[in-house]
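Asker: no FASTA, just this:
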């Protein structure tokens, strides 16, 4: 079967992929595009996860798209509301007509001779392999494996007579009413599950090896809701978005400059919520500084209310092993359970776990340098979306899509079909840094060795800072001496020259 051709191919129909489709529709209306989605529905995270209470841990005025106001009263929204927002966006801009479902992208091969990517997708509905070609490839596949979440090895787990569940694969038939539940973990998922389940279970325990910083705020933005009554929706949304991004960045910078001050403020808030008799030092005081790992949001203090009610409790300990009826902890304490939920994290992956090949050579992204956190040295016509670990994902997704459209239009203006970032001679001695700095979360640390390197100068940076990114991405010059713009014939000649130079460098010196 002949491959279908599109100007742009987007991988993933979640929050990022749908947003990228809208940006193309608005800014590059003459470009044809298709979105390949491995699952049978759009929405990504917000369609995949079905556990009780699933919600955002960022406000929707920043997690929402820049171009589409969030109009609901709740700023901290539940999963179904976010999914409805994504579907509404896709329908409003006609993006839904360009999505091919059950097309799981497995391989992408670049040819400099034709200036195209050939993309292979496994058809999960028919078992066939579909092939597409495109000039520009936009990866919007998220940052974690959709196959399964991360679960550590637990001794004796096979002896447990109850059910063990990972939130990424929540069973529809699970009845937890009146049951004893242990949730292993203390991240955003655990802190969402516990207050949601607490009202129906006999008792629920958050079992954590170490605590996480928690911040409580209302799920409704009073200022945003007031502004919508007196301003057009787009104006009210823009003001609220500016307010919230500014406050996010101020708080993050404060954690970098005065961590002890922020630490005390956070812990005092928890103590006030749980009362003087609760051991905040043991259960809510991490060993690291705020924002060395992501803060957990507790809307309306719901986790604290569940603990105060007696239906939920916290244990800070390590697991010795599973038993028939629950868990034995290293302290010697036992926790009886009918259900154990392993809210132990995700498996972080690079570019949707697909294989990439450039002119016949497999790409190891760990050997590449990150260009503005969205492109890769020596990999042509490829842009990927990765959001913020210290702010809302969509803030950076919007910037990335804007940049992709600006780049596509610039290539058309100068008659180029290939764009590729290459190190300048002055960049050759750059010290290599991790792709993301100052983020100690275990689920990231396990996988960072697979990600590209970051340098010490623009544009080889991934700042994870919205203010800096706006300048670097939105305002930075496209003709920066790093992006190389060529046509297929010129690119083939340049590739041949690089290959000859590499062979000459590797050849032994001739005998005298």
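Answerer: It's in. A quick note: this is a predicted structure, and the numbers were derived from the prediction, not measured.

Asker: hang on, isn't residue 251 packed against residue 262?
Answerer: Yes: the criterion here is Cβ atoms under 8 Å, and residue 251 meets it with residue 262 at 7.5 Å. (Glycine included, C-beta is placed from N, CA and C.)

Asker: Now do the longest helix along the chain, average pLDDT.
Answerer: As assigned by DSSP state H, the longest helix anywhere in the chain is helix 233-257. Averaging pLDDT along helix 233-257 gives 91.

Asker: which one of residue 251 and residue 262 has more residues nearby?
Answerer: Neighbour tally, residue 251 and residue 262, criterion other Cβ atoms under 10 Å: the higher count belongs to residue 262, 21 against 17.

Asker: Please tell me how far that one sits from residue 288.
Answerer: Separation of residue 262 from residue 288 (Cβ to Cβ, to the nearest Å): 12 Å.

Asker: One more: residue 210?
Answerer: Remark: distance between residue 210 and residue 288 (Cβ to Cβ) = 9 Å.

Asker: Over to residue 38?
Answerer: In this view, residue 38 and residue 288 are 35 Å apart by Cβ to Cβ.

Asker: Of those two, which one has the most company?
Answerer: The residue with more neighbours, out of residue 38 and residue 288, is residue 38; 21 against 15, by other Cβ under 10 Å.

Asker: List the beta-bridge partners for the nearest residue to that one once chain neighbours are set aside.
Answerer: Distances taken as Cβ to Cβ, 6 or more residues apart in numbering place residue 104 nearest to residue 38, at 3.5 Å, with adjacent residues excluded. Beta bridges link residue 104 to residue 122, judged by DSSP bridges.

Asker: and residue 180, how many residues sit next to it?
Answerer: For residue 180, using other Cβ under 10 Å, the count is 19.

Asker: so it sits right up against residue 340, yeah?
Answerer: No: here residue 180 lies out of contact with residue 340, judged by Cβ under 8 Å, at a distance of 9.7 Å.

Asker: now the helices: where do they sit in the stretch 151-300 of the chain?
Answerer: 188-198, 222-230, 233-257, 259-274, 280-283 (DSSP state H, counting those that start in this stretch).

Asker: In JSON lines, list these along with distance to residue 133.
Answerer: Compiled in JSON lines, the helices of the stretch 151-300 of the chain are given as follows (distance: least, Cβ to Cβ, whole Å):
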{"stretch": "helix 188-198", "distance to residue 133": "39"}
{"stretch": "helix 222-230", "distance to residue 133": "44"}
{"stretch": "helix 233-257", "distance to residue 133": "37"}
{"stretch": "helix 259-274", "distance to residue 133": "50"}
{"stretch": "helix 280-283", "distance to residue 133": "55"}
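
Asker: Name the stretch among these that sits most buried.
Answerer: Counting by mean count of other Cβ atoms under 10 Å, helix 188-198 has the highest mean neighbour count of those, with a mean of 24.

Asker: what pLDDT, on average, does the helix or strand harbouring residue 402 get?
Answerer: Residue 402 is part of helix 393-414 when elements are defined by DSSP states H and E. Averaged across helix 393-414, pLDDT comes to 96.

Asker: how big is the angle separating that helix from helix 233-257?
Answerer: 110 degrees (axes from the mean of the first three to the mean of the last three Cα atoms, to 10 degrees).

Asker: Okay, buried residues for helix 393-414 please.
Answerer: By neighbour count on 16 or more other Cβ atoms under 10 Å, the buried set for helix 393-414 is 393-408, 411.

Asker: returning to that earlier point: could you name every residue contacting both of residue 180 and residue 340?
Answerer: The contact sets of residue 180 and residue 340 overlap at residue 326 (Cβ atoms under 8 Å, 6 or more residues apart in numbering).

Asker: and the residue nearest to residue 38, how many residues sit next to it?
Answerer: Neighbourhood size, residue 104 [other Cβ under 10 Å]: 20.

Asker: isn't it right next to residue 126, touching?
Answerer: No: counting by Cβ under 8 Å, residue 104 sits too far from residue 126 to count as a contact (12.0 Å).

Asker: residue boundaries of the helices in the stretch 351-500 of the chain?
Answerer: Secondary structure of the stretch 351-500 of the chain (DSSP H, counting those that start in this stretch): helices at 393-414, 442-445, 466-469, 488-506.

Asker: what separates residue 432 from residue 370, distance-wise?
Answerer: 10 Å.

Asker: in the chain, which helix or strand is least confident?
Answerer: Lowest by mean pLDDT, DSSP states H and E among the helices and strands of the chain is helix 488-506, with a mean of 56.
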